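Pasting the sequence and the predicted model now:
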Amino acid sequence: MDIAILLGLQDFRNGSGAFLAEFMKKATFFGELNTTMVIFAILFWCIHKEFGSFLMMGWGMNRLVNGALKITACAYRPWIRDPRIVPYRDSMTTATGYSFPSGHTMNAATLFGGIAVRKDFPWALRITSFVPILLVGFSRLFLGVHTPQDVLIGMVAGTLVMWLTARMMLWIDVHPGKDWIVVCIGIVLSVLLALYAALKTYPEDYDAAGKLIVDGAKMANDTFKGIGWAMGFLVGWILERRFVGFTTEEISLPTRLMRCVCGLIGFYLVSLILVNMIKSWLPGPAGSVISCFIQMLFISFLFPWLFTYFEKKGSMKD
């Protein structure tokens, strides 16, 4: 049934020309990892610190849930299950790891579902926020890289995690001194998931030529990335709360713009240079965890510490 739906969408895609497919390819951009990380960072640094923290906390938890489900189900991608499925152009380049559930859809559910579960937003905005989640999910089907169940569970699980995260953040607001409990629980869950991913066995199916169809160790790499991102945020989040305590309230527009520009330059330098260096020195799960840990630590602690230091230094000179 799921393959039949994808084949039907594929026939429609091939018959409707490239315009609609290109639109869907751009729509799926809002579920990509780098896109969501940059949006979270800008919100956190420059616009609304509390909302940015909430989104990154939920995203970290969603990455753990997504990683755990992927390596438990070990579902192959549609084109592996049925060679008649031909993904649109280079859409396979962002379709890494096992298929179930859709990581792009869970990323979109984090960003836009994070709006939907917040009672402090207008109800019209909260309802409308489901539209881009549905659009990203449908784009994954239209491009031929996920099945309907991948997308449906991604939507439900991602939004549910954001609802639970919203409840947890309200509890932290009431008990701010107990934030370390959340960090400890998150790190323990991350370590347990890392052990599970490293020690479990993965399916080993071979083609007619005796070649391994899917390398389980490579498929688990997305899970290790999620572990690094989740732990990096948790450590950075509590360090920022204890030792930085920056704010996004009552700051000038030039200051916001300066934070944004400098932060994005720093983030891309870390991502393009330091992350690649670490992965070359430490190939495999360790390199994935450490490099992704550093990415989120930069967003949640290192850059906030730097701009707070220089902003205070500048105000003292004035």
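Here it is on my side, so go on. Numbering: from 1, shown residues only.

and the strand or helix carrying I172, what does it pack onto?
Per DSSP states H and E, I172 falls inside helix 148-174. Here helix 148-174 touches helix 2-15, helix 49-73, helix 103-111, helix 113-116, helix 130-142, helix 179-199, going by 3 or more CB pairs under 8 Å, 6 or more residues apart in numbering; DSSP states H and E. Yep, even glycine has a C-beta here, placed from its N, CA and C like the rest.

what about the residue lying closest to K279 once chain neighbours are set aside, how many neighbours?
Spatial nearest neighbour of K279, excluding adjacent residues (CB to CB, 6 or more residues apart in numbering): G287 at 4.5 Å. Around G287 there are 20 other residues, counting by other CB atoms under 10 Å.

Would you mark the buried spots in the helix holding I172?
148-151, 153-155, 157-159, 161-163, 165-166, 168-169, 172 (16 or more other CB atoms under 10 Å).

Enumerate every residue touching E240.
F246, S300, F301, P304, W305 (CB atoms under 8 Å, 6 or more residues apart in numbering).

Most neighbours among those, please name it.
The most crowded member of these, judged by other CB under 10 Å, is S300 (30 neighbours).

ok, for that residue, nearest residue in space, not its chain neighbours?
G236 (3.0 Å).

any idea how far that neighbour is from F310?
18 Å (CB to CB, to the nearest Å).

circling back to that earlier point, now, of the helices and strands packed on helix 148-174, which is deepest in the fold?
Looking across those with neighbours counted as mean count of other CB atoms under 10 Å, the highest average goes to helix 103-111: a mean of 29.

Output the contacting helices and strands for it.
Where contact means 3+ CB pairs under 8 Å, 6+ apart, helix 103-111 is packed against helix 33-42, helix 49-73, helix 130-142, helix 148-174.

Would you mind putting those into JSON lines with distance to W79 and mean pLDDT alongside?
Formatted as JSON lines, the helices and strands packed on helix 103-111 follow (distance: least, CB to CB, whole Å; pLDDT from 0 to 100):
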{"stretch": "helix 33-42", "distance to W79": "21", "mean pLDDT": "92"}
{"stretch": "helix 49-73", "distance to W79": "17", "mean pLDDT": "96"}
{"stretch": "helix 130-142", "distance to W79": "13", "mean pLDDT": "93"}
{"stretch": "helix 148-174", "distance to W79": "13", "mean pLDDT": "95"}
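
mind checking which of those helices is nearest S280?
helix 33-42 (19.6 Å; CB to CB).

can you list contacts of the closest one?
29-30, 52, 55-56, 59, 103, 107-108, 110-111, 260, 263-264, 267, 271, 295-296, 299.

so M219 touches F100, yeah?
No - checked against CB atoms under 8 Å, the pair M219 and F100 is beyond contact range at 11.3 Å.

Name the residues contacting each of the two.
Shared contacts of M219 and F100 (CB under 8 Å, 6+ apart): K70.

Give me the neighbour count for R256.
When neighbours are counted by other CB under 10 Å, R256 registers 15.

no no, L239
Neighbour tally, L239, other CB under 10 Å: 17.

Which residues are in contact with the nearest residue to A73 once chain neighbours are set aside?
Excluding the flanking residues, the one nearest A73 by CB to CB, 6+ apart is F100, at 4.5 Å. By CB under 8 Å, 6+ apart, F100 lies in contact with L69, K70, A73, A75, T147, Q149, D150, I153.

Show the pLDDT at F100.
According to the predicted model, the pLDDT of F100 comes to 93.

secondary structure element for it?
For F100, there is no enclosing helix or strand under DSSP H and E.
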